[in-house]
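Structural data only, the sequence is not supplied:
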């Protein structure tokens, strides 16, 4: 099992539960955006978000295995 990513916001380190909440929210947003939007302008914005989300997801998934 892996620990959640260490996330610090404005100098405050989040708990594992808070980091998990962010990870799940990001995964959910990525899934919603992947479903697509028809409007051309919205699609351009969606593509920018997906690029950022993909990078963040990769960072979140690169966390170290939990030592037990």
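Right, received. Where do you want to start? Because the structure is a prediction, the values reported are computed rather than measured.

need the helices for the protein, in chain order.
16-34, 40-61 (DSSP state H).

how big is the angle separating the shortest one from helix 40-61?
Read that as helix 16-34. Interaxial angle, helix 16-34 versus helix 40-61 (axes from the mean of the first three to the mean of the last three CA atoms, to 10 degrees): 150 degrees.

could you give the mean pLDDT of helix 16-34?
If you average the pLDDT over helix 16-34, you get 90.

residues contacting the residue most central in space within the chain?
Centroid-nearest residue in the chain: residue 26, 3.5 Å away (criterion: CA atoms, centre = their mean). By CB atoms under 8 Å, 6 or more residues apart in numbering, residue 26 lies in contact with 53, 56-57, 60. Where you see a C-beta, it was placed from the backbone N, CA and C, and this is true even at glycine.

what's the farthest-apart pair in these?
Within these, 53 and 60 form the most distant pair, 10.2 Å apart (CB to CB).

quick revisit: check the gap between the residue nearest to the centre of the chain and residue 35 for me.
16 Å (CB to CB, to the nearest Å).

As CSV, the contacts of residue 26 with distance to residue 18, pLDDT and neighbour count would be great.
As requested, the contacts of residue 26 are exported to CSV (distance: CB to CB, whole Å; pLDDT from 0 to 100; neighbours: other CB atoms under 10 Å):
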residue, distance to residue 18, pLDDT, neighbour count
53, 19, 90, 17
56, 15, 89, 17
57, 17, 88, 14
60, 13, 85, 17
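
which of the residues you listed lies closest to residue 7?
Looking across these and measuring by CB to CB, the closest to residue 7 is residue 60, at 8.5 Å.

Excluding covalently adjacent residues, which one is nearest to the closest one?
Leaving out its chain neighbours, the residue that sits closest to residue 60 by CB to CB, 6 or more residues apart in numbering is residue 5, at 4.7 Å.

Excluding sequence neighbours, find me the nearest residue to residue 50.
Residue 50 sits nearest to residue 33 (CB to CB, 6+ apart), 5.5 Å away.

how much space between the one you found and residue 55?
In terms of CB to CB, residue 33 sits 14 Å off from residue 55.

quick one, which of those two is more surrounded?
Higher neighbour count among residue 33 and residue 55: residue 33, with 17 against 10, using other CB atoms under 10 Å.
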